[in-house]
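S.K.: I need the structure of the sequence given here:
(one chain, ligands or ions: 1)
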Amino acid sequence: MKKHILVVPGDGIGQEVTAVGKQVLEKIAEKYGHEFTYDEALIGHVAIEATGNPLPDETLTKMRASDAVLFGAVGHPKYDNDPTAKVRPEQGLLKMRKELGLFANLRPIKLFDELLEASSIKPEILKGADILFFRELTGDIYFGEKGRKDDGDSAYDIAAYSKYEVERIARKAFEAARTRRKKLCSVDKANVLETSRLWREVVQAIAPEYPDVEVEHQFVDAAAMMLIKDPRRFDVVVTANLFGDILTDEASQIAGSMGMLASASVGESTGVYEPIHGSAHDITGKGVANPMASVLSAALLLDISFGLKEESDAIINAVDQVLKAGYRTRDIADSTTPAEQILNTEAIGQKILELI
Ligand code: NAD
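M.R.: The predicted structure is shown next:
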C-alpha cells in the first residue's frame, strides 16, 4: 500500500515520542511491504517561534494533502504562566481540529495486564477494564464566544451545541458499540445545562435505530465517580468536549499512565493520531518520556485511516511483549522494577522495533 504520512511532532516531549512513533511506522512498512512517504510540519510553540503563527498555512495545506497525520503535543511553560498572551500554542491545536473537521476523538482505554500494579486503582477493580471514549472535539465551551467584560473583572465562555453536531458523534459511538460489547453510556449534565438537555434528547431520538445497543445516560459527576469505582461497567462512552477532556485524563489512570494512551481524531478530512498527553515540560529533554502512547497512536492510524488491522495488531502485540519482558519507562515502573529494566525513550523504542 502507498500512503503519505505527515509527522507533526510539535513541542516538548512531542518531539521525543513522535520520533519513536515514526520509526515504528517505518518498521511496519519494511516488514509488510508498504510504501509510506513522510513529510514534517510545524505546530504550537515551535511554529510561533519560526513563523509567529501556531498553525502556519503551510502546515494546514500539508495536513490536507496527506493520508494521515502523526501528531505529538503542543505547549510551553512560557504561555501556561502568562494568561494574557495573545498568541498561544493551543490555538494551533484548536484551529487544526476545526479546519480539518475533526469532530470525533476516539480514546481507547485498555489496560495491559502487566501494568495492573502501575495504576493507583486496585488491580481487582481494574482487571479486564476496556473502554472506548468518543469525545466530541469541535464544539462546546472550547469553541463558543469568549471574552471579558466590566473592565476585565468578569469573564465568560459560551457552551453551544447543535443537533447536527451531537447526532454525528453519537452515531459514530453507536456504530462502534455494535462492534464491541454493545453498551453505550452517554455522559452529560442534563439536570443543569441546556446543551446537555439537547445532547440527551438527540441520543434518545436516534437510540431506536440501534436496538441491539443498550444505552444508559449518566451525569458527568456520577460518571467521574463510577470510572474509578467500577471501570468494567463501561464499554463505549460518548460525551461532550469539556467532559471528555477531563474524564479521559481521569481514565488514563486505569491504563497506568498518560504515557500509555493513544487517540484518533477523525471527521471530515485527514485523520490525526496523537497521544492524549501534553508536551510535559517537567521531563522534556531528559529522555525519559514514555513513547508508547505515540507508538499506539501509530497503531490506530494504520487501523482506522489505512484499514491495516494486522499491522496495527502487530504494534500492539509488540508493546505487550515489551511489557511482558519486564521493560518499563520511569512513569510505569514501580518499586519492584529492577533498575536495568527501566529504559529511556529511545531504548524502549528499540525494544518495540525489535519485537515487531
Ligand atoms: P502533560 O500531559 O504534558 O503532563 C502531565 C504529567 O504527566 C506530567 O507530570 C508529565 O511528566 C507526565 N507525562 C505526560 N506524558 C508522559 C509520557 N509520555 N511519559 C511520561 N510521563 C508523561 O500535561 P500538563 O503538564 O498539564 O501540560 C503541559 C503542557 O502540555 C501545557 O502547556 C499544556 O497546555 C499542554 N497540553 C497539550 C496537549 C496536547 O497537545 N494535546 C494536551 C494536554 C496538555
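
S.K.: could you say which helix or strand contains Lys78?
M.R.: Using DSSP states H and E, the element containing Lys78 is helix 77-80.

S.K.: Quick one: name whatever helix or strand follows that helix.
M.R.: Using DSSP H and E, the next helix or strand after helix 77-80 towards the C-terminus is helix 89-99.

S.K.: Report the buried residues of that next one.
M.R.: Residues of helix 89-99 classed as buried: Pro89, Glu90, Gln91, Gly92, Leu93, Leu94, Lys95, Met96, Arg97, Lys98 (neighbour count, 16 or more other CB atoms under 10 Å). Every C-beta, even on glycine, is put in place using the N, C-alpha and C of the backbone.

S.K.: now the angle from the following helix or strand past it to helix 89-99?
M.R.: Counting by DSSP H and E, the next helix or strand C-terminal to helix 89-99 is strand 104-110. If you take axes from the mean of the first three to the mean of the last three CA atoms, to 10 degrees, strand 104-110 sits at 110 degrees to helix 89-99.

S.K.: Strand 104-110 - contacts with which helices or strands?
M.R.: Strand 104-110 is packed against strand 130-136, helix 163-178, helix 241-251, strand 262-266, helix 292-304, with contacts defined by 3 or more CB pairs under 8 Å, 6 or more residues apart in numbering; DSSP states H and E.

S.K.: how about the ones you listed in a markdown table, adding mean pLDDT, mean neighbour count and distance to Gly152?
M.R.: Shown next, in a markdown table, are these (pLDDT from 0 to 100; neighbours: other CB atoms under 10 Å; distance: least, CB to CB, whole Å):
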| stretch | mean pLDDT | mean neighbour count | distance to Gly152 |
| --- | --- | --- | --- |
| strand 130-136 | 96 | 23 | 30 |
| helix 163-178 | 97 | 19 | 31 |
| helix 241-251 | 93 | 19 | 23 |
| strand 262-266 | 95 | 23 | 34 |
| helix 292-304 | 97 | 27 | 38 |
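
S.K.: who wins for proximity to the ligand among the ones you listed?
M.R.: Closest approach to the ligand among the helices and strands packed on strand 104-110 (CB to the nearest ligand atom): helix 292-304, 5.6 Å.

S.K.: pLDDT of the next helix or strand after the closest one, averaged?
M.R.: Per DSSP H and E, the first helix or strand lying C-terminal to helix 292-304 is helix 309-324. In this model, helix 309-324 has a mean pLDDT of 96.

S.K.: ok, and the closest non-adjacent residue to the most centrally placed residue in the chain?
M.R.: Nearest to the mean C-alpha position of the chain, counting by CA atoms, centre = their mean, stands Ser263 at 2.9 Å. Nearest non-adjacent residue to Ser263, counting by CB to CB, 6 or more residues apart in numbering: Arg107, 4.7 Å away.
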